[in-house]
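Q: sharing a model that was predicted from the sequence below.
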Amino acid sequence: MANDAAPPLSEVMNGALEFTIPIAHKMGVQATEVRPGYAATKVPVEGNGNHFGAMYAGVLFTVAEILGGAIAISSFDGAKYFPLVKDLQIFFRRPATTDVTAEASLSDEEIARITEEADAKGKADFTLKAVVTDANGVVVAETQGLYQLRTHGK
């Protein structure tokens, strides 16, 4: 009997990343877990260093920013909505000298609010906070992003 189970959303996202955001794919950004209301990504330090031996700031930005799209893909109907980032602030806490992981989440209540507003107005803003940690669990960066969910055709 064939296995008709859909692949995990993280695999779907990783497969699409090469074509949707080629530079993130070249950095080695990968989704490790994607489910409604939650996403985690990782990126290797190898190949992503800067002039003083730490991870380049743009890579830290990217591994966190991409979470907004991952959460949108898993939390909202992709045939009806698409996400975009309107603003993102990053707060660098410590140099990253190892691979890093970024995580963010939205509550069920916030997902419902965003969906309701997007249905009524054609778009809805939401804030997503992410934490980026190194291989030892040390926080190396935090972000606060303003994203927007839009309905197709609006």
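A: Ah, there it is.
Q: pLDDT score for the spatially most central residue of the chain?
A: With distances taken as C-alpha atoms, centre = their mean, the residue of the chain nearest its centroid is L67 (1.0 Å). Looking at L67, its pLDDT is 95.
Q: what is the burial count for the nearest residue to it once chain neighbours are set aside?
A: Nearest residue to L67, sequence neighbours excluded (C-beta to C-beta, 6 or more residues apart in numbering): A104, at 4.2 Å. Every C-beta, even on glycine, is put in place using the N, C-alpha and C of the backbone. Using other C-beta atoms under 10 Å, A104 is surrounded by 23 other residues.
Q: the residue nearest to the centre of the chain contacts Y38, doesn't it?
A: No. In this structure, L67 is not within contact of Y38 by C-beta atoms under 8 Å, at 9.3 Å.
Q: now for those two: what residues contact both?
A: Residues touching both L67 and Y38 (C-beta atoms under 8 Å, 6 or more residues apart in numbering) are 103-104.
Q: for G37, give me its contacts.
A: 71, 74-75, 105-108, 111.
Q: max pairwise distance over those: which two?
A: S74 and S107 (13.9 Å; C-beta to C-beta).
Q: neighbour-wise, which of the two wins?
A: Between S74 and S107, S74 has the larger neighbour count (other C-beta under 10 Å), namely 22 against 9.
Q: for the residue nearest to L67, give me its contacts.
A: A104 touches 38-39, 64, 67-68, 71, 128-131, counting by C-beta under 8 Å, 6+ apart.
Q: helix or strand for it, which one?
A: Using DSSP states H and E, A104 falls within strand 100-105.
Q: next one: the least confident helix or strand in the chain by mean pLDDT to chain centre, how far?
A: Least confident element among the helices and strands of the chain, by mean pLDDT, DSSP states H and E: helix 9-20 (a mean of 81). On the basis of C-alpha atoms, centre = their mean, to the nearest Å, helix 9-20 sits 12 Å off its chain's mean C-alpha point.
Q: and it, what's buried?
A: With burial defined by 16 or more other C-beta atoms under 10 Å, the residues of helix 9-20 counted as buried are 9-10, 13-14, 17.
Q: what's the answer for stretch 55-73, then?
A: Buried residues in stretch 55-73 (16+ other C-beta under 10 Å): 55-56, 59-73.
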